[in-house]
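# I would like the atomic coordinates for the input below:
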Amino acid sequence: MTFTRSLLAAALALASLAAQADITIGVTLSATGPAASLGIPEKNTVELMPRTIAGQKVNYIVLDDASDTTAAVANVRRLVTESKVDVIIGSTTTPNSLAMLDVVAESQTPMVSLAASSRVVEPVDAKRKWAFKTPQNDIMMALAIAQHMADNGIKTVGYVGFADAYGEGWAQEFGKAAALKGINVVASERFNRTDASVTGQVLKLLGASPQAILVGGSGTPAALPQRTLRERGYAGKIYQTHGVANNDFLRVVGADGEGTLLPAGPVLVAAQLPASHPARKTALDYVAAYEAKFGKGSVSTFGAHAWDAGLVVQAAATAALKKAQPGTPAFRAALRDALEATKEVAGAHGIFNMSANDHNGLDQRARVMVKISKGAWVYQP
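Model (predicted):
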């Protein structure tokens with residue numbers, strides 16, 4: 001009888017420990033390197049995420065991948081093998097996030113990427129079954145640009161983008177959108193994130209005499225072709241992607257950015273949105289929380305992607321806790337299933353409704369057009 005009681009006591013103790021297991025969230029971001037202007041606000045935003053979910057303590061393990069794909073893969077392997085994380089948030093860029101897919105699939109650990117390209121989550125195959133993302137898909141933003149061009153009578157456009165998965169993805173998606181609107185892409189060039197000069201590419205673009213030029217880049221490196229175009233006297237309209245929607249880009253592009261047009265998440269111009277906009281309240285809440293900690297004017301759309309990742313993970317973890325305990329394969333599987341079942345989660349960028357075929361879940365409410373005017377972002381109704 002004593003032995004039986006001892007076994008029962010031990011079992012109860014183990015059950016108690018299991019019930020108290022912490023949720024562990026692994027984060028790998030590009031806090032240094034060419035994508036640092038995106039990764040730093042994302043890293044800062046982790047400090048604002050909840051430390052408990054449904055009464056369960058949450059631990060965050062944050063690593064820097066230095067904007068490097070090899071480092072991103074090493075980070076995610078470390079997080080899943082050594083730290084036994086329940087979910088991954090990251091990485092910042094498309095190339096890094098694509099490189100991480102094999103690891104999260106092998107370890108069956110759900111990942112919520114902060115990268116823009118739809119390639120991270122489409123098609124939902126065996127690898128991408130475990131991948132989700134919070135930024136708007138490229139095609140959604142490409143269609144916004146093409147529509148704006150068409151509305152302004154633009155028939156010819158030049159494209160210059162990163163020589164990586166982000167730039168190629170944008171070239172493909174914008175090509176589709178442009179064709180739908182009867183716009184001809186008359187020149188297409190590439191440059192590296194670390195390039196110091198793009199004069200050759202700009203001269204080729206100018207030789208094609210496009211009415212407008214789209215720069216398919218992100219962060220401060222995307223300012224280089226724009227500044228070069230203006231230095232060479234280009235007077236047409238310049239469009240950028242939502243990958244430049246932060247104040248660091250404004251600072252680097254300077255006066256050469258005047259008049260630039262781009263689609264962006266609502267959080268970029270939250271205070272300018274009509275009261276009826278579905279993302280306005282959550283966007284303003286995020287802006288207030290971020291600027292209270294990091295200073296007025298410090299907020300960016302990229303940090304808001306991390307904020308939204310935290311919101312969808314929080315909702316999914318709350319559901320998963322009803323089925324399994326953190327630190328187990330069962331919890332990771334339940335968390336993945338709950339992410340895929342995300343419904344009506346209001347984020348700073350839009351309303352998330354995911355499904356088995358849509359691991360992003362945003363619709364047209366997640367985009368607005370903005371213009372750079374006098375060094376500031378201005379909402380274009």
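# nearest residue to residue 22 in space, please, no chain neighbours.
Excluding the flanking residues, the one nearest residue 22 by CB to CB, 6 or more residues apart in numbering is residue 57, at 4.5 Å. For the C-beta atoms, the positions are set from N, CA and C on the backbone; glycine is no exception.
# and the one you found, that one's in a strand?
Yes - counting by DSSP: H, G, I helix; E, B strand; the rest coil, residue 57 is part of a strand.
# for it, give me the pLDDT.
For residue 57, the pLDDT comes out at 97.
# I figured it hits residue 24, correct?
No - Residue 57 is not in contact with residue 24 according to CB atoms under 8 Å; the separation is 9.6 Å.
# these two: who's more crowded?
Taking neighbours as other CB atoms under 10 Å, residue 57 and residue 24 compare with residue 24 leading, 18 against 13.
# and the residue nearest to residue 22, how close does it get to residue 45?
20 Å (CB to CB, to the nearest Å).
# which residues does the most centrally placed residue in the chain contact?
Nearest residue to the geometric centre of the chain (CA atoms, centre = their mean): residue 114, 3.0 Å. By CB atoms under 8 Å, 6 or more residues apart in numbering, residue 114 lies in contact with 29, 38, 42, 89-92, 97, 133-135, 302, 305-306, 309.
# what count of nearby residues applies to the residue nearest to it when sequence neighbours are not counted?
In this structure, residue 114 finds its nearest non-sequential neighbour in residue 305, 4.6 Å apart by CB to CB, 6+ apart. Using other CB under 10 Å, the number of residues around residue 305 comes to 31.
# which residue ranges make up the domains of the protein?
2-136+287-362, 138-264 (automatic domain parsing).
# how about the ones you listed in JSON lines, adding distance to residue 281?
Formatted as JSON lines, the domains of the chain follow (distance: least, CB to CB, whole Å):
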{"stretch": "domain 2-136+287-362", "distance to residue 281": "7"}
{"stretch": "domain 138-264", "distance to residue 281": "18"}
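# where exactly do the helices run in the stretch 1-150 of the chain?
Assigned by DSSP state H, counting those that start in this stretch, the helices in the stretch 1-150 of the chain fall at 2-19, 36-46, 69-81, 94-107, 138-151.
# and these, which is most packed in?
Per-stretch averages of neighbours, counted by mean count of other CB atoms under 10 Å, single out helix 36-46 among those, with a mean of 25.
# give me the angle between that helix and helix 94-107.
Angle, helix 36-46 to helix 94-107, by axes from the mean of the first three to the mean of the last three CA atoms, to 10 degrees: 50 degrees.
# the contacts of residue 114 in strands, which ones?
With strands taken from DSSP state E, the overlap with the contacts of residue 114 comprises 29, 89-90, 133.
# neighbour count and pLDDT added to these, as a markdown table?
Shown next, in a markdown table, are those (neighbours: other CB atoms under 10 Å; pLDDT from 0 to 100):
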| residue | neighbour count | pLDDT |
| --- | --- | --- |
| 29 | 33 | 98 |
| 89 | 29 | 98 |
| 90 | 31 | 97 |
| 133 | 28 | 98 |
